[in-house]
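In: 3D, please:
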Amino acid sequence: MSIDPIAPDSPRKLQGKRALVTAGAQGIGLAISRHLLAAGCDVFVHYRSSADAAQALARDAAALGRRCAIASADLTEREECERLVAEAVAFLGGLDVLINNAGSLIARRSLAEATDDFWAETMALNLGSVRRVTRAAVPHLASAAKTGGGASIVNLSSLAGRKGGHAGSLAYATAKGAVLTFTRALAIELGPQGIRVNALAPGLILGTSFHTTHTTAEAARATVAGIPIGRGGNADDVARAAVFLASEFDGFITGATLDINGGVYGC
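Out: As a prediction, this is how the structure comes out:
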């Protein structure tokens, strides 16, 4: 059996694929949206408050010859999630790739400080949104898988979901850990329909509003000092991994978590 000595470029497999990215107009989500467009995807971008950035992304997509549309939605509400998916499918003509990126630490609170309302809010955004959007998207992903050789879901978790996070991130870390379990369980459930489900667990990703808001400069320096590779990550580090897992719509990788942390945590 002859083997082609030149390995295929995985992102090329995304040419013409249709992707929905939640929270895709800022930080890691924006980088993922840009990389998917560059890989040949048509992209529907969800945003909550970053309207200007979302509109700029749509304009940039035209320069790449790709189709891109945007919509705002509150992903803590079931009806909003269903509307978002319906609008994405109507614009794209179907759905091959779902990137569940929406989430936030919201605030740092200890167990004693985390009220029931705060806990519920954190879970609704970081875990509930993934479930609601995915539930609405699965019929469309399954339909695409039948004709396109497969479909792909990529869920954004966090190093906090692996290690427990820094002080005050109890609720967030718990939700992100649940995203990893959700990913593994869903991969088993959706595998027979041709849908691969994987997760990303980024560590310290500098230059994002998340860490600008919730991580002090001193804490960031201390964290970087403990990273074997000697630097913090950036949004493009995560986006490249997201594109790779998205391209595994017809591959053998499912139920996996790809850690992006410079060597802080390994499986």
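
In: and residue 142, what helix or strand is that in?
Out: If you go by DSSP states H and E, residue 142 is part of helix 129-148.

In: Dump that helix to PDB, restricted to CA.
Out: What follows is helix 129-148, C-alpha atoms only, in PDB (Å, rounded to 0.1, in the frame of the first residue of the first chain):
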ATOM      1  CA  SER A 129     -25.800  27.700  27.200                       C
ATOM      2  CA  VAL A 130     -23.700  24.800  25.900                       C
ATOM      3  CA  ARG A 131     -26.600  22.300  26.500                       C
ATOM      4  CA  ARG A 132     -29.300  24.600  25.000                       C
ATOM      5  CA  VAL A 133     -27.400  25.600  21.900                       C
ATOM      6  CA  THR A 134     -26.200  22.100  21.200                       C
ATOM      7  CA  ARG A 135     -29.700  20.600  21.700                       C
ATOM      8  CA  ALA A 136     -31.100  23.000  19.100                       C
ATOM      9  CA  ALA A 137     -28.200  22.400  16.700                       C
ATOM     10  CA  VAL A 138     -28.000  18.600  16.800                       C
ATOM     11  CA  PRO A 139     -30.700  17.900  14.300                       C
ATOM     12  CA  HIS A 140     -29.000  20.200  11.700                       C
ATOM     13  CA  LEU A 141     -25.600  18.700  12.500                       C
ATOM     14  CA  ALA A 142     -26.900  15.200  12.100                       C
ATOM     15  CA  SER A 143     -28.500  16.100   8.700                       C
ATOM     16  CA  ALA A 144     -25.200  17.600   7.500                       C
ATOM     17  CA  ALA A 145     -23.300  14.500   8.800                       C
ATOM     18  CA  LYS A 146     -25.400  12.200   6.500                       C
ATOM     19  CA  THR A 147     -24.400  14.000   3.400                       C
ATOM     20  CA  GLY A 148     -21.000  15.600   4.300                       C
END
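
In: Can you list the low-confidence ranges for the protein?
Out: For the chain, the stretches with pLDDT under 70 are 1-11, 209-215, 266-267.

In: max-length strand in it?
Out: Of all the segments of type strand in the chain, defined by DSSP state E, the longest one is strand 195-202.

In: what lines up beside that one in the sheet?
Out: Strand 195-202 has the following sheet partners, assigned by DSSP bridges: strand 151-156 (parallel), strand 257-260 (parallel).
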